[in-house]
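Undergrad: Sequence and predicted structure below; questions after.
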Amino acid sequence: MGIIRLNKMLFYGYHGVDESEQSRGGMFEVDLELKMSIDNATDSDSLSDTIDYAEVYQTVHDCLTEKKYYLLEALAGHIAETVLNDYPADKVVVKVRKPHAPVKGVLGSVEVEVEKSR
């Protein structure tokens with residue numbers, strides 16, 4: 001068993017409850033963790049025995065740009081479900097961060113984590 005992580009993927013999207021977030025958009029940061037057997041890849045050193053990171057990145061990009069979501073929870077759930085359906089991982093952990101969430105006060109970001117398994 002192994003873990004493949006894609007960290008701090010950055011995307012521009014139109015997600016949020018506020019109308020301004022839906023119209024102006026903003027930056028979103030995504031971390032993705034795939035738990036799966038990587039034994040064949042460690043032995044073969046062949047891309048065909050693992051997951052193509054560029055394809056996974058494109059999948060996450062498509063999830064963020066094809067539809068608007070009000071909630072980060074729904075967006076993270078959609079990403080997790082799509083990745084689990086499209087790639088041979090046993091478990092997927094998705095973290096979606098919104099660096100400039102419209103919260104009154106000092107806040108680095110808002111983050112939602114979703115975990116899905118086969």
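TA: Thanks, I have it.

Undergrad: Which helix or strand in the chain has the lowest average pLDDT?
TA: When the helices and strands of the chain are scored by mean pLDDT, DSSP states H and E, helix 19-24 comes last with a mean of 85.

Undergrad: what does it contact?
TA: The contact list for helix 19-24, computed with Cβ atoms under 8 Å, 6 or more residues apart in numbering, reads 14-16, 68, 102. Every residue, glycine included, has its C-beta placed from N, CA and C.

Undergrad: and what of stretch 60-69?
TA: Stretch 60-69 is contacted from outside by 6, 9, 11, 13-15, 22, 28, 30, 32, 75, 78-79, 82-83, using Cβ under 8 Å, 6+ apart.

Undergrad: top of the residues you listed by neighbour count?
TA: Among the contacts of stretch 60-69, Leu75 has the most neighbours (other Cβ atoms under 10 Å), with 25 neighbours.

Undergrad: residue contacts, it?
TA: Leu75 makes contact with 13, 15, 28, 63-64, 69, 96, 112 under the criterion Cβ under 8 Å, 6+ apart.

Undergrad: So which bits of the strand or helix carrying His61 are buried?
TA: His61 is part of helix 53-65 when elements are defined by DSSP states H and E. Within helix 53-65, the residues scored as buried using 16 or more other Cβ atoms under 10 Å are 56, 59-60, 63-64.

Undergrad: same deal with stretch 34-51?
TA: By neighbour count on 16+ other Cβ under 10 Å, the buried set for stretch 34-51 is 34-36, 38, 41, 50-51.

Undergrad: Out of these, list just those in strands.
TA: In strands, judged by DSSP state E, the following of these are found: 34-36.

Undergrad: mind putting those residues in a markdown table, distance to Asp45 and pLDDT included?
TA: Formatted as a markdown table, these follow (distance: Cβ to Cβ, whole Å; pLDDT from 0 to 100):
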| residue | distance to Asp45 | pLDDT |
| --- | --- | --- |
| Leu34 | 19 | 97 |
| Lys35 | 21 | 97 |
| Met36 | 17 | 95 |
